[in-house]
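Asker: no sequence for this one, just the structure:
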């Protein structure tokens, strides 16, 4: 790969923009899922998602396009990430955007939303070289919402 992915956990990695060649290398390194968090057309020369998806398909790797734009991270992103990881089953996930930060934040919000303790999320991000402590209030809100009893009527 042109740039080594950064390990956040044993199975989740982030990277800045990747290419079709990087996807082929990732497949050889045991990655089973590529997650693209970068909107198409964000920068000149950026490979379009359809090109990267084709490279993933050719390499036998699952691919999810969950672009995070100026609207920020939503339940669509966190739920989409969790679904893609569940669908890909065992293996490693490589998520990318321009720098890797948006991908790390989508993962962080998803982990909090689905019940991982906030301190553990911040610690794992820190070991990967990312200080996300400023996101602690939002992560805590998502974690607390996960623990709250459901108030909607049963179906």
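Answerer: Cool, got the structure. Treat the numbers as computed from the prediction; the structure is a model and nothing was measured.
Asker: all contacts plus neighbour counts: C-alpha atoms, from now on.
Answerer: Will do.
Asker: report how many residues lie close to residue 30.
Answerer: 13 (other CA atoms under 10 Å).
Asker: which one is residue 82 nearest to, not counting chain neighbours?
Answerer: Distances taken as CA to CA, 6 or more residues apart in numbering put residue 110 closest to residue 82, at 7.0 Å, once the chain neighbours are dropped.
Asker: with residue 9 instead?
Answerer: Nearest one to residue 9, counting by CA to CA, 6+ apart, is residue 124 at 6.9 Å.
Asker: name the nearest residue to residue 128, ignoring sequence neighbours.
Answerer: Per CA to CA, 6+ apart, closest to residue 128 is residue 8, 5.2 Å.
Asker: what about the helices in this structure?
Answerer: Secondary structure of the chain (DSSP state H): helices at 20-28, 49-59, 75-88, 101-113, 118-127, 136-147.
Asker: what's the angle between the third one and helix 101-113?
Answerer: With axes from the mean of the first three to the mean of the last three CA atoms, to 10 degrees as the basis, helix 75-88 and helix 101-113 are set at 80 degrees to each other.
Asker: check what contacts helix 75-88 and list those residues.
Answerer: The contact list for helix 75-88, computed with CA atoms under 8 Å, 6 or more residues apart in numbering, reads 32-33, 35, 62-64, 66-68, 93, 106-107, 109-110, 113.
Asker: average pLDDT across that helix?
Answerer: Mean pLDDT, computed over helix 75-88, is 93.
Asker: also stretch 38-54?
Answerer: Here the average pLDDT along stretch 38-54 is 96.
Asker: cool, stretch 94-105 as well?
Answerer: Rounded mean pLDDT across stretch 94-105 is 96.
Asker: buried residues in it?
Answerer: 94-98, 100-105 (16 or more other CA atoms under 10 Å).
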